[in-house]
Structures are given as C-alpha cells and as structure tokens.
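Peer 1: Mind looking at a prediction? Sequence and model below.
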Amino acid sequence: MKILKRIYILLLSAVLIIGGSGCETVKPDLSEAKVETSSINVITKDDDEVTEIVEEYLKEKYKKEFEIALTDRPSSIYNSYYLTAYDESYDSMNITITFTDEENYTISDDGLMLGIKDDLEKWFAELVDPYIECEYKVFYRKNGFTLPDDYKDCRTAQDFLKLSPTSEYYGLLFTVLLPASEYEKSYTETASEIANRMAEVGIRGQVGITVYKDESIYDKINTRKDYGHYWSMPLKVKLTGSGVQANFNVSNSRENKYGIADKEEDLNE
C-alpha cells in the first residue's frame with residue numbers, strides 16, 4: 001500500500017512538472033500599440049466673432065449691410081460654420097466659413113443667385129415653353145448651398161449658365177405653376193421631357209410641376225413669396241417632379257439622368 005501511495009505521489013508530481021514547463025500562451029504587449037484615428041480639425045469660435053467676420057466680408061463684397069443669422073456650427077462631421085444673410089427685401093443668401101486655423105479661414109456664398117434669379121426664371125420659361133401648351137408661371141427656388149469658388153467671377157445669369165455644364169454646382173431648382181384647369185391631366189411625361197432638355201444643354205437641376213385645385217390660387221401667386229405662402233397652406237395640390245443628376249458629365253448626360261416618380265398629395269388638414 002505504501003509502495004502504491006509513493007508511486008501515485010511520484011506520478012502526480014511528474015504531471016505537475018510537465019504542466020508547469022509546457023507551452024505558455026504569449027500575450028501581446030499592447031503598451032506600444034498605436035491606434036490610428038481620423039478626426040476633423042474643428043476650430044471653435046465665438047458666435048459673435050464669426051458673425052462679425054461674415055458681416056465685414058459681405059459689406060466689402062456687396063457694398064451693403066445684411067441681417068445675419070448663424071444656422072449651424074462645426075461638428076465631428078464637418079468643420080464649417082453656416083450662416084444666412086438677409087437683405088432689405090428679405091431675400092436670403094447662404095454663407096459658409098471654414099477656419100483652417102485660429103487666424104485663417106475661407107468664405108463662400110451664393111449671393112450671385114440674388115442678382116440673377118429673375119433672369120434665371122426668364123431663361124427657364126423659354127426652355128419649358130415648347131413643352132407646355134397652357135398658361136403657366138415659373139419660379140426659381142433656392143437650394144440652400146453655397147457656390148463653389150469657380151463661380152466667383154460670374155456676374156450675370158449667362159455667366160452662370162455658361163459655366164454650369166463643367167462646374168460641380170449642385171443644380172438649379174424650378175417650379176412650373178399651372179392653372180387649376182390642368183388638375184385632372186398628367187404632366188409626368190412633360191416633366192421628364194423638360195429634364196431631358198436641361199440635361200441636353202448641360203444644366204443640372206430639377207423641375208417640379210404644381211397644380212392647385214382651387215382655381216383662384218393661380219391668379220394670386222405672382223411672386224416667389226406668394227408661392228411659398230400658398231405652399232404652406234392646407235390646399236389640395238398635385239405635384240409632378242423630374243430632375244437630372246446633380247453631377248452628371250455633359251458628354252453622357254442623357255444616360256446619367258434620373259426621374260422622380262409622379263405623385264399626388266392631399267394637403268388637406
């Protein structure tokens with residue numbers, strides 16, 4: 001019995017020795033590990049300081065004063081401040097200011113559009129005229145983005161339209177308003193034809209065709225502000241929209257266009 005007990009102890013010791021001298025899992029030393037992260041260089045500025053810089057910029061560029069509202073600040077996604085400026089007619093322009101460091105910055109705006117919007121409406125009315133047989137009205141709509149730097153030398157609507165086919169501009173938005181007599185008709189194909197024509201001449205953007213069922217509304221809408229007012233009211237309106245891709249290549253724009261489905265909306269409360 002003593003011999004068996006001694007053998008058992010010897011065997012147990014051998015197992016422990018072998019286990020202690022076996023392969024050991026090597027844990028990586030993470031003390032030297034470097035974690036690569038990408039972040040946007042956000043320069044934090046006081047709202048009043050940003051507004052003052054933009055006020056001076058606009059006064060120097062446009063030779064008049066604007067009321068300015070700061071609409072958005074830098075975040076983890078972007079490093080720019082966004083502002084809206086209003087002139088004496090309460091027309092607005094969008095401004096973007098980006099700080100590269102504490103002292104240096106770049107500013108862009110779409111103030112050009114304030115001066116050429118009437119001419120853009122005239123140009124678009126001529127473009128859509130062959131496609132619409134009834135009476136109609138055309139309204140240019142702002143899209144909320146500032147202009148790229150390559151537009152800084154543009155002064156007229158013709159300058160703008162000439163440059164647009166090769167620029168990275170985001171596109172023009174137009175609304176065609178039709179009288180109530182057209183409410184029961186479909187203008188989906190018409191909108192697509194107008195969008196195709198825009199692509200052919202190299203102008204990116206979107207056209208929307210609107211018809212109010214109330215026949216008195218058409219006569220009451222004569223300005224962009226009128227249109228915005230009635231758009232917000234609970235009236236029954238039919239919408240047809242079509243557009244062209246915002247960054248198409250002019251050489252193959254017809255292949256790159258896209259359509260927006262025809263839809264009807266009842267805006268009654």
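Peer 2: Right, received. Where do you want to start?

Peer 1: buried residues in stretch 135-154?
Peer 2: Within stretch 135-154, the residues that qualify as buried are 136, 137, 138, 139, 140, 141, 142, 143, 146, 147, 151, 154, counting by 16 or more other CB atoms under 10 Å. For the C-beta atoms, the positions are set from N, CA and C on the backbone; glycine is no exception.

Peer 1: low-scoring pLDDT stretches of the stretch 151-269 of the chain, where are they?
Peer 2: By pLDDT under 70, the weakly predicted segments of the stretch 151-269 of the chain are 231-234, 245-269.

Peer 1: Can you list the residue ranges for helices in it?
Peer 2: Ranges of helices in the stretch 151-269 of the chain, per DSSP state H, counting those that start in this stretch, are 157-163, 188-200, 215-220, 224-231, 253-256.

Peer 1: ok, residue 127 - contacts?
Peer 2: Listed by CB atoms under 8 Å, 6 or more residues apart in numbering, the contact partners of residue 127 are 194, 197, 198, 201.

Peer 1: Kindly state the pLDDT recorded for it?
Peer 2: At residue 127, the pLDDT value in this model is 96.

Peer 1: circling back to that earlier point, of the helices of the stretch 151-269 of the chain, flag the one that's most buried.
Peer 2: Of the helices of the stretch 151-269 of the chain, the one with the most neighbours on average (mean count of other CB atoms under 10 Å) is helix 188-200, at a mean of 19.

Peer 1: For that helix, name the packing helices and strands.
Peer 2: With contacts defined as 3 or more CB pairs under 8 Å, 6 or more residues apart in numbering; DSSP states H and E, the secondary structure elements packing on helix 188-200 are helix 112-128, strand 205-212, strand 236-244, helix 253-256.

Peer 1: Adding distance to residue 182, write the ones you listed out as JSON lines.
Peer 2: What follows is these, written out as JSON lines (distance: least, CB to CB, whole Å):
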{"stretch": "helix 112-128", "distance to residue 182": "14"}
{"stretch": "strand 205-212", "distance to residue 182": "5"}
{"stretch": "strand 236-244", "distance to residue 182": "9"}
{"stretch": "helix 253-256", "distance to residue 182": "27"}
